[in-house]
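J.: 3D, please:
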Amino acid sequence: MELNDANLQSLTEFLRKTLDPDPNVRRPAEKFLESVEGNQNYPLLLLTLLEKSQDNVIRVCAAVTFKNYIKRNWRIVEDEPNKVSDADRTAIKANIVNLMLSSPEQIQKQLSDAISIIGREDFPQKWPDLLTEMVTRFRSGDFHIINGVLRTAHSLFKRYRHEFKSNELWSEIKLVLDTFALPLTELFKATIELCQTHATDVNALKVLFSSLTLISKLFYSLNFQDLPEFFEDNMETWMTNFHGLLTLDNKLLQTNLVSNAIQFLASVCERPHYKHLFEDQNTLTSICEKVIVPNMEFRSADEEAFEDNSEEYIRRDLEGSDIDTRRRAACDLVRGLCKFFEGPVTAIFSGYVSSMLSDYAQNPGENWKHKDAAIYLVTSLASKAQTQKHGITQANELVNLNEFFVNHILTDLKSPNVNEFPVLKADAIKYVMIFRSQLPKDQLLQAVPLLITHLQAVSTVEHTYAAHALERLFTMRGPNNTTLISPAEMAPFTEQLLNNLFNALAVPGSEENEYIMKAIMRSFSLLQDSIVPYIPTLIGQLTQKLLLVSKNPSKPHFNHYLFESLCLSVRITCKANPTTVSSFEEALFPVFTEILQNDVQEFLPYVFQVMSLLLEIHSNSIPSTYMGLFPHLLQPVLWERTGNIPPLVRLLQAYLEKGAATIASSAADKIPGLLGVFQKLIASKANDHQGFYLLNSIIEHMPTDSITHYRKQIFVLLFQRLQSSKTTKFIKSFLVFINLYCVKYGAIALQEIFDSIQPKMFGMVLEKIIIPEVQKVSGPVEKKICAVGITKILTECPSMMDTEYTKLWTPLLQALIGLFELPEDDSIPDDEHFIDIEDTPGYQTAFSQLAFAGKKEHDPIGDAVGNPKILLAQSLHKLSTACPGRVPSMLTTSLNAEALQYLQGYLQAATVQLV
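T.: Predicted coordinates for the structure are as follows:
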């Protein structure tokens, strides 16, 4: 793509169409942009548009498209083509910082994100001048530019807070400090001075304080791993000014700078090194009174978010992204102080909690915020350790949680009007949720019907919290690893639970509420058979919802739980009555067809998994509806997207398992296409195991004569890959495949196919691959396949007994006994760095495994062989009867003593002898 006006004009038109609400206009435009992504100059055209276009909407659209392009394509993945040309990479890095700093804020944020993504891959080695270029802009005096630099630096450096210590990390932080620490400190001092100069100008202060907030975040990131020498030497500058900010009382501002300063205090008080600073009772009392209590209050901004921006409120409160709020910072400070001063701090706050609660009791309408602060304070005090799975796992023994629950929480939950004091109701629900592991079961059972009632609340936050609390309670485990709350205990409430959950999905603002959908999924999972009577009604509501969200998928978690709920409906109902599978297909196939026709990329991996689940339930035949779809599943475009690969392979395996004969008779012309998919997968280090899954199913299920003339070519492809790139993962899969081939077609057929590719190839494979590597095979089914295959090679292949292959017979038997008796060899050569299979770059629809669409492990040998050791003994006995004297002499001359002892054990267990 040339950098010319015609291409800029054309790109503008396509970007405009991607904003069109009509999917018939929008989707083709998105497809076109996807198709030209690989062209040289495409990213530079986007950058030109976002810089020079007269239309502001197009500029923002180009910026977002550019950021997503970088996210998807910048990382270079082994085995895959470089998606951004070197010339474009150089040009982007040369221009992007300038462009970001001269753009309006909306575009600046997108480009700042893009710089962070590039920086994660290229900084510092491939982009050494990035920091120098950024730091020089501090001198500009223009805070729009300075904040752009600070924002970008923050997104680059915040990963230092959670990276593992390593020499590589230390050297990167040192390089950053050498370039960045001094200019940052100078900027901090200058900005503090400007705040004093402009103390009465609210607009100037807002900009300056946003800079100070970013500077504080950078200070926190750069000091997180350890206290660097530079900051130790300049501690007075930083601490004096931080103290000034903590005590600042400028009525013009309500900023999150306070929260950053409190957060810093929280991290200091947790470190034994600084414990002495807080030991004085007056200091503790002063921090509790002046810093913590005032910042625990429910502010008007919180109230506004609770009512008008519930999604953001929930995200901050439940998911812990409230890191910048004063409440969260104050809560962290309470926990930090409790680490060393639990007794005194609890005593100080007990008085505050009592007085807040009595204020509320005197005038609830006026003083409800006092009770809210009291609950928040009790929660902060009591929480010592917390996990996502169990809530609070360790509590402050000085706080009586049960008593507080009975006296102050239960009253709010039992209140007949669910819509009165919604903030307090949400607090009460949250209390049950986070202290669920501390409260006794009878109190939780008492709470369940009350929570179900709260699903009817008008407030989005309140009914969301109720759904989330129920979902968390349903996951709790009791004795014997069963669920703490049993389906029998839920029986009286089942209908009301399901009704209220589905009705809550109809409340404006909660149509795609992920917490409600997750609670539906968890309810299905807990209640099992009890939901069967309701499924005919509920499946209609779920498919209706699916059709709606497929028009414009925007909530990935909601969509995931929706598909999980569909899988559970299918599993639970068909377990009781497998013939009902056809009624699910009738309900789901029209929606699935629409999703496939419109190529809704986000949903395809899910659709393939649900279809696999449905097809696997069928007895051994394949309905014509599935056969009609079969050719479409082999289209190369579907296999280009990494997220489609695992579910598509599973779906093709289901086709082969249920309908191999049908494919061979009515779709034989598609077999080359099927093998083409195998060929593509086998060439990739990331996906070769998926290629083997498919190949193993072809070998196991396809009628022998339908693939006879493809067999040699399959082996040739595998050898080519072995020569070009031999990895441990490939070897393990290859071993399982050749042994499965041997089990299916016999040892003579295996030997003949190897030797037809190249004379004596069979011996080379035994000597160089099977004997030295079989110990690496893992997994009970995989080991069983290898054991049965090797047994056949040892006992059913004449050339092993009377040709030059005979010298390999004992080493092969030794390797097999090793597979039975020695621990698995899980060593991986140093030069092999596996790509994580899920670690696909950027924005492509990653593969999201549906837990409730899980596939049972399949054993191709099944009951035909119960114990492979007994099979070996019986097969050796049979061989020794055919050629008396040969087997014992081969064993005694070259099998080591330990292996011989194990073998004697197998022979005794099988009650056979060698002759």
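J.: Next secondary structure element downstream of the helix or strand of the chain with the lowest mean pLDDT?
T.: Lowest by mean pLDDT, DSSP states H and E among the helices and strands of the chain is strand 391-395, with a mean of 63. Next along the chain after strand 391-395, taking DSSP states H and E as the criterion, comes helix 401-404.
J.: From the contact counts, what lies against that next one?
T.: Contacting helix 401-404 under the criterion 3 or more C-beta pairs under 8 Å, 6 or more residues apart in numbering; DSSP states H and E is no other helix or strand. All C-beta spots, glycine's among them, are computed from the backbone N, C-alpha and C.
J.: Contacts for it, please.
T.: With contact meaning C-beta atoms under 8 Å, 6 or more residues apart in numbering, helix 401-404 is reached by 378, 382, 395, 435, 438-440, 443.
J.: swap in stretch 40-53?
T.: By C-beta under 8 Å, 6+ apart, the residues outside stretch 40-53 that reach it are 1-3, 7-8, 11-12, 15, 36, 58-60, 62-63, 65-66, 69-70, 84-85, 87-88, 91-92, 95-96, 99, 103, 107, 111.
J.: In helices, which of the residues you listed appear?
T.: If you go by DSSP state H, the contacts of stretch 40-53 have 7-8, 11-12, 15, 36, 58-60, 62-63, 65-66, 69-70, 87-88, 91-92, 95-96, 99, 107, 111 in helices.
J.: Any of those residues buried? List them.
T.: Buried members of the ones in helices among the contacts of stretch 40-53, counted by 16 or more other C-beta atoms under 10 Å: 7, 11-12, 15, 58-60, 62-63, 65-66, 69-70, 88, 91-92, 96, 99, 107, 111.
J.: quick one, what contacts Lys878?
T.: So Lys878 contacts Thr795 (C-beta under 8 Å, 6+ apart).
J.: Next up, identify which helix or strand it is on.
T.: Counting by DSSP H and E, the element that carries Lys878 is helix 868-882.
J.: What are the contacting residues of the helix or strand following that helix?
T.: Past helix 868-882, further along toward the C-terminus, the next helix or strand under DSSP H and E is helix 886-894. With C-beta under 8 Å, 6+ apart as the test, helix 886-894 has contacts from 801, 809-810, 813, 876, 879-880, 900, 903, 914-915.
J.: pull the CA atoms of the following helix or strand past helix 886-894 into CSV?
T.: Following helix 886-894 in sequence order, the next helix or strand is helix 897-909 (DSSP H and E). Taking Å, rounded to 0.1, in the frame of the first residue of the first chain, the C-alpha atoms of helix 897-909 are listed here in CSV:
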residue,chain,number,x,y,z
ALA,A,897,19.3,-57.8,36.1
GLU,A,898,16.8,-55.4,37.5
ALA,A,899,14.7,-55.4,34.3
LEU,A,900,14.8,-59.2,34.2
GLN,A,901,13.5,-59.3,37.8
TYR,A,902,10.5,-57.0,36.8
LEU,A,903,9.8,-59.2,33.8
GLN,A,904,9.8,-62.3,36.0
GLY,A,905,7.1,-60.6,38.1
TYR,A,906,4.9,-59.9,35.0
LEU,A,907,5.3,-63.6,33.9
GLN,A,908,4.2,-64.8,37.4
ALA,A,909,1.3,-62.4,37.5
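J.: Quick one: mean pLDDT over helix 897-909.
T.: For helix 897-909, mean pLDDT is 95.
J.: Then stretch 594-608?
T.: 93.
J.: Check which residues of that stretch are buried.
T.: The neighbour-count check on stretch 594-608 (16+ other C-beta under 10 Å) flags 595-596, 600-608 as buried.
J.: With secondary structure and distance to Leu527 as extra columns, can I get these in CSV?
T.: Shown next, in CSV, are these (DSSP: H, G, I helix; E, B strand; the rest coil; distance: C-beta to C-beta, whole Å):
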residue, secondary structure, distance to Leu527
Ile595, helix, 28
Leu596, helix, 32
Val600, coil, 30
Gln601, coil, 33
Glu602, coil, 29
Phe603, coil, 26
Leu604, helix, 30
Pro605, helix, 27
Tyr606, helix, 23
Val607, helix, 26
Phe608, helix, 27
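J.: Now do the buried residues in the helix or strand where Glu495 lies.
T.: Here Glu495, judged by DSSP H and E, is contained in helix 494-504. Across helix 494-504, burial judged by 16+ other C-beta under 10 Å covers 494, 497-498, 500-502, 504.
J.: Going by distance to Glu297, which of those wins?
T.: The closest of these to Glu297 turns out to be Ala504 (C-beta to C-beta; 29.9 Å).
J.: Could you check how far Tyr465 is from Ile516?
T.: In this view, Tyr465 and Ile516 are 11 Å apart by C-beta to C-beta, to the nearest Å.
J.: about what we covered before: how far away from the center of its chain is the helix holding Lys878?
T.: Distance of helix 868-882 from the chain centroid (C-alpha atoms, centre = their mean, to the nearest Å) equals 48 Å.
J.: same thing with stretch 459-479?
T.: Distance of stretch 459-479 from its chain centroid, counting by C-alpha atoms, centre = their mean, is 22 Å.
J.: give the contact list for Tyr360.
T.: For Tyr360, the contact set (C-beta under 8 Å, 6+ apart) comprises 367-368, 370-371, 374.
J.: In helices, which of those residues fall?
T.: 367-368, 370-371, 374.
J.: Make a markdown table out of the residues you listed and add neighbour count and distance to Ser355.
T.: Shown next, in a markdown table, are the ones in helices among the contacts of Tyr360 (neighbours: other C-beta atoms under 10 Å; distance: C-beta to C-beta, whole Å):
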| residue | neighbour count | distance to Ser355 |
| --- | --- | --- |
| Asn367 | 16 | 11 |
| Trp368 | 18 | 15 |
| His370 | 22 | 8 |
| Lys371 | 24 | 11 |
| Ala374 | 24 | 9 |
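J.: for those, which one is nearest Glu121?
T.: Nearest to Glu121, judged by C-beta to C-beta, of those is Ala374 at 48.7 Å.
J.: Buried ones among the contacts of helix 401-404?
T.: Listed as buried from these are 378, 382, 395, 435, 438-439, 443; burial here means 16+ other C-beta under 10 Å.
J.: now for the contacts of helix 401-404, which pair is the farthest apart?
T.: Checked with C-beta to C-beta, these reach their widest spread between Val378 and Pro440, with 17.8 Å between them.
J.: can you list the weak-confidence ranges in the chain?
T.: For the chain, the stretches flagged by pLDDT under 70 are 249-257, 320-324, 384-396, 829-847.
J.: what about the strands in it?
T.: 383-387, 391-395 (DSSP state E).
J.: out of the contacts of helix 886-894, which is most surrounded?
T.: Counting neighbours by other C-beta atoms under 10 Å, Leu813 leads the contacts of helix 886-894 with 26 neighbours.
J.: now, which of the contacts of helix 401-404 lie within helices?
T.: Among those, DSSP H puts 378, 382, 443 in helices.
J.: Pull up the gap between the last one and Gly628, please.
T.: Think Gln443. Look at Gln443 and Gly628: by C-beta to C-beta, they are 55 Å apart.
J.: which ones are touching Cys567?
T.: 609-610, 613, 850, 852-853.
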